[in-house]
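Enquirer: This is a predicted model, with the sequence first.
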Amino acid sequence: MNSMELSKNYLPATVEEKWYQQWMDKGYFRSKPDGRQPFTVVIPPPNVTGVLHLGHTLNETVQDILVRRARMSGFNACWVPGSDHASIATEAKVVNMLKQEKGIEKSQLTREEFLKYAFEWKDKYGDIIYHQIKKLGCSCDWDRVTFTMDDHYYKAVITVFIDLYKKGVIYRGARMINWDPKAKTALSDEEVEYKDLQGKLYHVKYAITDANGTPTGEYITIATQRPETIMGDTAICVNPTDERYKHLKGKRAIIPLIDRLRTGVTALVATTWVAVGATVIFLVAGIVARQLVLPAQPLSWAWIIGLGTISTAVAFSLFLHGLEALGPMTAAIVTTAEPFFVAILAALVLHQPIRVQTVIGGSLIAIAVLILQLHRATDPHPKEGF
């Protein structure tokens, strides 16, 4: 085809590339402050990780029409282009790149080191969206391209947020959030993809008991999608105006599967055996470790009491609610004194002398814990019940 011959078809790739480049070379889109009335538009920054879609195309087309009209009407038109850092999406891509290409985990990097890799990734892939905006013919001032993680932009955002916080316009508060367990950060509702799934309800019967923990033969049924949380149940809430449940207010219920209000004798025996077993395991492991690391150092009282207290505290945590069947006062005394007496038992087994200061120190610890336990035992609002 010679230079005078016209193509029978319109070739946008050839025509638009030629004229857009001429507009850029002539500086038709540049804007410098002068005596003309300003007309400024800041492009809603698209994500640097993404590509343009129809929504962007419509938005940019409308803006371009307004800016070009203002420019031809004598205004000093300035259309500022830029892109958003899309932190969560960008972080995910950078983290994957580091792991796959460089064998580096994000946890191994400081914030500054990670940002350096993030900017490298942005410089390599982030220009795609600018190229697409140019392909639309948008008359942006490309000398003013701004990225939302640029230093001046970042400092301006922080300054504004602090100012708004001090004025009380924005605030921090406890809220239910969408948590990303991989990135270990919060997600906004807009960044969450919701899926409707067919769930399954499990109907579980809770036996009602009298003041002594004896089942009355009455039950209340709870429907749940997560039966695995039953072991952590602490209370049952009902509608106080519902006639079916009014009579249950203040009563207690047995938690299924773990039989939380089982008989005190069984609980006490189980607690004792777990405590003794845990103590033996901790002591044997501790002795072996000490002999391997510091064979010349004798076993100290702090070592023995520490192991005894830790091991029996585990048993106490597991079986505290079973001991409550003995009565709150008895449970408080037994669970408080148990670590101390197991420590003394361990000392006797290891043929260590029981010193007066040890007894006094252990007694003070036991008294402090006992006070806390008695406070819990006399709590007018028990953890289990209605």
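Expert: Structure's in. What do you need?
Enquirer: CA atoms for contacts and neighbours, from now on please.
Expert: Fine.
Enquirer: Just want to check the distance between residue 44 and residue 84.
Expert: From residue 44 across to residue 84, the span is 9 Å (C-alpha to C-alpha, to the nearest Å).
Enquirer: okay, these two: which has more neighbours?
Expert: residue 84 (18 against 14; other C-alpha atoms under 10 Å).
Enquirer: Domains in the chain, by residue range?
Expert: Here the domain assignment for the chain is 12-166, 202-254, 264-377, based on automatic domain parsing.
Enquirer: what about the strands in this protein?
Expert: Along the chain, counting by DSSP state E, strands occupy 38-42, 76-80, 82-83, 146-147, 178-180, 185-187, 202-209, 215-224, 252-254.
Enquirer: Ok, which of those strands comes nearest residue 114?
Expert: strand 185-187 (15.9 Å; C-alpha to C-alpha).
Enquirer: which other helices and strands contact that closest one?
Expert: On a contact count with 3 or more C-alpha pairs under 8 Å, 6 or more residues apart in numbering; DSSP states H and E, strand 185-187 meets strand 178-180.
Enquirer: Mind listing what's buried along the strand it packs on?
Expert: Under the neighbour-count criterion of 16 or more other C-alpha atoms under 10 Å, strand 178-180 has nothing buried.
Enquirer: Name the strands paired with that strand and say parallel or antiparallel.
Expert: Strand pairing for strand 178-180, using DSSP bridges, gives strand 185-187 (antiparallel).
Enquirer: Quick one: mean pLDDT for the partner strand?
Expert: Averaged across strand 185-187, pLDDT comes to 84.
Enquirer: which other residues reach it?
Expert: 177-180 (C-alpha atoms under 8 Å, 6 or more residues apart in numbering).
Enquirer: can you check stretch 118-127 too?
Expert: Residues contacting stretch 118-127 (C-alpha under 8 Å, 6+ apart): 48-49, 90-91, 94.
Enquirer: repeat that with 6 Å
Expert: residue 48 (C-alpha atoms under 6 Å, 6 or more residues apart in numbering).
Enquirer: any weak-confidence spans in the stretch 201-350 of the chain?
Expert: 259-350 (pLDDT under 70).
Enquirer: let's see it at 90
Expert: 209-217, 226-242, 244-350 (pLDDT under 90).
Enquirer: which residue ranges form the helices in this protein?
Expert: 12-26, 54-72, 87-97, 111-125, 127-135, 151-166, 264-293, 301-323, 328-349, 356-377 (DSSP state H).
Enquirer: how about stretch 135-151: buried residues?
Expert: For stretch 135-151, by 16+ other C-alpha under 10 Å, it's 137-142, 146-149.
Enquirer: Export those residues as JSON lines, with columns for pLDDT.
Expert: Converted to JSON lines, these look like this (pLDDT from 0 to 100):
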{"residue": "137", "pLDDT": "92"}
{"residue": "138", "pLDDT": "94"}
{"residue": "139", "pLDDT": "94"}
{"residue": "140", "pLDDT": "95"}
{"residue": "141", "pLDDT": "95"}
{"residue": "142", "pLDDT": "94"}
{"residue": "146", "pLDDT": "87"}
{"residue": "147", "pLDDT": "88"}
{"residue": "148", "pLDDT": "87"}
{"residue": "149", "pLDDT": "85"}
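Enquirer: Dump those residues into TSV; add distance to residue 75 as well.
Expert: As requested, those are arranged in TSV below (distance: C-alpha to C-alpha, whole Å):
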residue	distance to residue 75
137	20
138	17
139	14
140	15
141	15
142	18
146	22
147	26
148	27
149	30
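Enquirer: rewinding a little: which one of the contacts of strand 185-187 is nearest residue 110?
Expert: residue 180 (20.5 Å).
Enquirer: Count the neighbours of the nearest residue to that closest one once chain neighbours are set aside for me.
Expert: Excluding its sequence neighbours, the residue lying closest to residue 180 (C-alpha to C-alpha, 6 or more residues apart in numbering) is residue 186, at 6.1 Å. By the criterion of other C-alpha under 10 Å, residue 186 has 14 neighbours.
Enquirer: who does residue 186 bridge with?
Expert: Under the criterion used (DSSP bridges), residue 186 bridges to residue 179.
Enquirer: now do residue 78
Expert: Beta-bridge partners for residue 78, by DSSP bridges, are residue 40.
Enquirer: can I assume it is in contact with residue 31?
Expert: Yes: contact status for residue 78 versus residue 31: in contact at 5.5 Å, counting by C-alpha atoms under 6 Å.
Enquirer: Looking at the two, which has the bigger crowd around it?
Expert: Counting neighbours by other C-alpha under 10 Å for residue 78 and for residue 31 shows that residue 78 has the greater number, 24 against 19.
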